[in-house]
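>>> need coordinates for the below:
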Amino acid sequence: MDANLFDFELPEHLIAQTPLMERTASRLLALNRSTGAINHGQFTDLQQYLQEGDVLVLNNSRVLPARLIGSKADTQAKVELLLLKQLENDHWEVLAKPAKKVKQGATIIFGVSEQDQTALLTAHVVEEGEMGARIIRFEYDGIFPQLLDQLGEMPLPPYIKEKLSENERYQTVYAKHAGSAAAPTAGLHFTDSYLQLLQERGVKLAYVTLHVGLGTFRPMSTDNVEDHQMHEEYYELDETNATIIQQAVQEKRRIVAVGTTSARTLETIAGRFGQQPITACSGWTNIFIYPGYSFQLIDALLTNFHLPKSTLVMLISALAGRENVMAAYEAAIEQQYRFFSFGDAMFIYEG
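Okay, here's the model as predicted:
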């Protein structure tokens, strides 16, 4: 399958640079995947599409302040590291920029102690990978998460040029387990009060954890969709939430994924258990969903508008059909919807 089938022209001014003051103030494009019908409204209209007994599944991963800016110990050249995955014994997989300056054996320092002028955090490059990927070993005194809070910045996507005034606006209100290199952005539209409203209307909430990693930052690297390899990401489902999801399956109630990260986690879990009851689990997933895939667990999806030729456009095309999705994106551009992380929302359902 040709990746160019998922390409489209997006005017640059439609790329949202900052979040709206009110999370629920975004617009909502609703796409009926059965008929292709499109309706335009506000995010708060989501309640009209949800039914009593629906299970809304949210990814409660929390974004790390994973962008570290430091300097090489020998040349003082500026270096940026983006933390992607914690390995073991203070080893991390990172993206380095500029990668050509970050060779195996290099040492990078971050911050300086006021007491003795030594580095607060030191990174040793132990292995080089492709496309800027590196394995590094951190050396420090103290508690690493506290140092990260002190030295790190929120890792906003490269298409966002504006500086974020409040870090919590790149976190969902239900973010709990730190580990992501990017926010599960479909969830940014919710407030605690709106989630409470949905619950009062009989919608059930369930949570999964998927730590968003390298795949978010890497574009499609092949012309042929089937040749693309997704990067592994860690997921968890606890017993309480597994029970909520399993009961919905047994009672044939709709499961609505909030975001492509939740969708990928749910479909990974579905493939893991097959016809067996879903129970608590964890592991690594590199599931790649594109047209031709048959969804096993999710019935509807809330998502944002994604980059051209991205694996995320391919995922929603697998659910709603490529022609329906391309038509919806054309309508969104015509109606001046805001795109990407801080942009508007899209709800894909079956009427």
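>>> burial of the closest residue to F340 other than its chain neighbours, as a residue count?
Counting by CB to CB, 6 or more residues apart in numbering, I15 is the residue found nearest to F340 once chain neighbours are left out, at 5.6 Å. Yep, even glycine has a C-beta here, placed from its N, CA and C like the rest. Using other CB atoms under 10 Å, I15 is surrounded by 19 other residues.
>>> quick one: residues contacting I15.
Y159, I160, R338, F339, F340, G343 (CB atoms under 8 Å, 6 or more residues apart in numbering).
>>> from the residues you listed, which land in helices?
With DSSP state H as the criterion, helices contain none of those.
>>> look at the residue nearest to F340 and report its pLDDT.
Looking at I15, its pLDDT reads 97.
>>> from P157, how far out is A178?
To P157, A178 is 19 Å away according to CB to CB, to the nearest Å.
>>> beta partners of the closest residue in space to Q335 that isn't next to it in sequence?
Once flanking residues are discounted, Q335 sits nearest to H40: 6.1 Å by CB to CB, 6+ apart. Using DSSP bridges, the bridge partners assigned to H40 are L29.
>>> count the residues that sit near H40.
H40 has 14 nearby residues by other CB under 10 Å.
>>> check I348 too.
Neighbours around I348, by other CB under 10 Å: 26.
>>> now do Q17
Q17 has 17 nearby residues by other CB under 10 Å.
>>> repeat that for the one 10 residues further on.
Applying other CB under 10 Å, we find 20 residues neighbouring R27.
>>> quick one, phi psi at it?
phi -90, psi 160 (degrees, to the nearest 10).
>>> where do the domain boundaries of this structure fall?
Domain ranges of the chain: 3-63+165-349, 67-151, per automatic domain parsing.
>>> deepest-packed of these, please.
Mean neighbour count, computed with mean count of other CB atoms under 10 Å, is highest for domain 3-63+165-349 among those, reaching a mean of 18.
>>> so how far is that one off the chain centroid?
Put simply, domain 3-63+165-349 sits 8 Å off its chain's centre (CA atoms, centre = their mean, to the nearest Å).
>>> show me the helices in the chain, by range?
Counting by DSSP H, the helices of the chain are 46-49, 144-151, 192-200, 239-250, 260-273, 311-320, 322-334.
>>> mind listing residues that contact the longest one?
When contacts are defined by CB under 8 Å, 6+ apart, helix 260-273 is touched by residues 57-59, 61, 184, 186, 208-210, 212, 233, 235, 237, 245, 255, 257, 278-279, 281, 283, 285, 287, 289, 295-298, 301, 303, 306, 312, 315-316, 319.
>>> filter the residues you listed down to the ones in strands?
57-59, 61, 208-210, 233, 235, 237, 255, 257, 281, 283, 285, 301, 303 (DSSP state E).
>>> for the stretch 151-300 of the chain, give me the ranges with low pLDDT.
The stretch 151-300 of the chain contains residues with pLDDT under 70 at 214-219.
>>> give the closest residue to T185 in space, chain neighbours not counted.
Sequence neighbours aside, S341 is the residue nearest to T185 in space, at 4.5 Å (criterion: CB to CB, 6+ apart).
>>> what score does V313 have for pLDDT?
For V313, pLDDT reads 96.
>>> how near is the spatially most distant residue from the centre of the chain to D141?
Of all residues in the chain, D116 has its C-alpha farthest from the mean position, at 39.7 Å, by CA atoms, centre = their mean. In this view, D116 and D141 are 11 Å apart by CB to CB.
>>> and if you look at G129?
28 Å.
>>> quick one: S180 and H211 touch, right?
Yes: look at S180 against H211 with CB atoms under 8 Å: they come within range, at 4.9 Å.
>>> quick one: common contacting residues for these two?
Joint contacts of S180 and H211 (CB under 8 Å, 6+ apart) are S61.
>>> roughly how far does E267 sit from I289?
Distance, E267 to I289, using CB to CB: 6 Å.
>>> next: T185.
Counting by CB to CB, the gap from T185 to I289 is 18 Å.
>>> follow-up on the earlier one: who does the residue nearest to F340 bridge with?
Bridge pairing for I15 - DSSP bridges - gives F339.
>>> from here on, call the first residue 58.
Got it, the first residue is 58 from now on, which makes the last one we talked about I72.
>>> if I look at it, how far off is V136?
If you go by CB to CB, the gap between I72 and V136 works out to 27 Å.
>>> wait, what's in contact with the closest residue to G186 other than its chain neighbours?
Ranked by CB to CB, 6+ apart and with sequence neighbours excluded, the top spatial neighbour of G186 is I192, at 7.1 Å. With contact set as CB under 8 Å, 6+ apart, I192 has these partners: L144, H148, W149, E150, V151, V182, V183, E184, G186.
>>> contacts only, for the residue sitting nearest the centre point of the chain.
Geometric centre of the chain, nearest residue: P241, 3.5 Å, by CA atoms, centre = their mean. Residues near P241 by CB under 8 Å, 6+ apart: L115, N116, S118, T229, L267, V269, V315, G316, T318, S319.
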